[in-house]
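>>> got a structure for you, letters missing:
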């Protein structure tokens, strides 16, 4: 394990907003993205919650990770942030990679968490998909982020969203291009190892799963497998949205998040 105590807090770009008299909500972003993808959620959640978002190592304005990334390192970082800021127990909201890290952290330290909201994510992959993810790692390692970015953006958003919000597509493309290609490849190799399905069944946390109807990265059947593992019936399929549904279908995502978080006493 990397020495998280010498890396974590001082090298992490983080924001905190909202009332500290309310329950804390921690937001975890997708691979290659940064905390700014949560802008629509932060604007709504801060009225009712103490909202914390940060850039993972090697993402956004956080410092680089000197070791190869592992889920253990990312989960330990999240745990350290929660303990350092005396936040526990927190509502954890994660999309894609963020949802995977959320699962690993909850398995390690369920006592730190109040609920899980997992968007556009999964708990395992088939052998075939693991191979595809490793091939993606080699592709970006050989071709670079410039070549990978249009493929990624095609998976993250529907064609309709590309047409009506080219400004958002351009902004996310620039965030992607900011990431080091070798690190991005290592991240995909890390993601290809995810397998939390059996361990999630031992959790006893309120959980909600959201997925876009057009998501090909973590499709509806993967979301159903995740919901089954978490033993939750709260699974919402957002129509006409792809992988980054929190941006493409912000209003629907916000309404569901607020209703779920407010329902937890």
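Ah, there it is. In this text the structure is predicted, and so the values were computed from the model without any measurement.
>>> name the helix or strand for the most centrally placed residue in the chain, please.
Of all residues in the chain, the one closest to the mean position by C-alpha atoms, centre = their mean is residue 98, 2.1 Å from it. Residue 98 is part of helix 97-108, with elements assigned from DSSP states H and E.
>>> pretty sure residue 125 is touching residue 193, no?
No. Residue 125 is beyond contact range of residue 193, at 9.0 Å (criterion: C-beta atoms under 8 Å). Heads up, the C-betas are built off the backbone N, CA and C, glycines and all.
>>> out of these two, which sits in the busier spot?
The neighbour count for residue 125 versus residue 193, taken as other C-beta atoms under 10 Å, is higher for residue 125 (18 against 12).
>>> which residues touch that one?
133, 192, 194-195 (C-beta atoms under 8 Å, 6 or more residues apart in numbering).
>>> using the three-state scheme, assign it.
Put simply, residue 125 is coil when judged by DSSP: H, G, I helix; E, B strand; the rest coil.
>>> residue 32 belongs to a strand, doesn't it?
No. Per three-state DSSP, residue 32 lies outside any strand segment and is coil.
>>> helix or strand next in line after the helix holding residue 98, which one?
Assigned by DSSP H and E, the successor of helix 97-108 is strand 113-119.
>>> C-terminal to that next one, what's the next element?
helix 127-143.
>>> buried ones in the next helix or strand after that following helix?
Toward the C-terminal end, the helix or strand that comes next after helix 127-143 (DSSP H and E) is helix 145-156. Of the residues in helix 145-156, 145, 148-149, 152-153, 156 count as buried by neighbour count, 16 or more other C-beta atoms under 10 Å.
>>> does residue 93 count as helix, strand or coil?
Strictly by three-state DSSP, residue 93 counts as strand.
>>> may I have the beta-bridge partners of it?
Taking DSSP bridges as the rule, residue 93 bridges to residue 27, residue 117.
>>> burial count for it?
Count around residue 93 with other C-beta under 10 Å applied: 29.
>>> in this structure it contacts residue 256, no?
No. If you go by C-beta under 8 Å, residue 93 and residue 256 don't touch, sitting 10.9 Å apart.
>>> rewinding a little: pLDDT on the helix holding residue 98, on average?
Average pLDDT, helix 97-108: 98.
>>> for that helix, packing partners?
For helix 97-108, the elements it packs on are strand 24-28, helix 71-84, strand 90-95, strand 113-119, helix 181-191, helix 197-200, judged by 3 or more C-beta pairs under 8 Å, 6 or more residues apart in numbering; DSSP states H and E.
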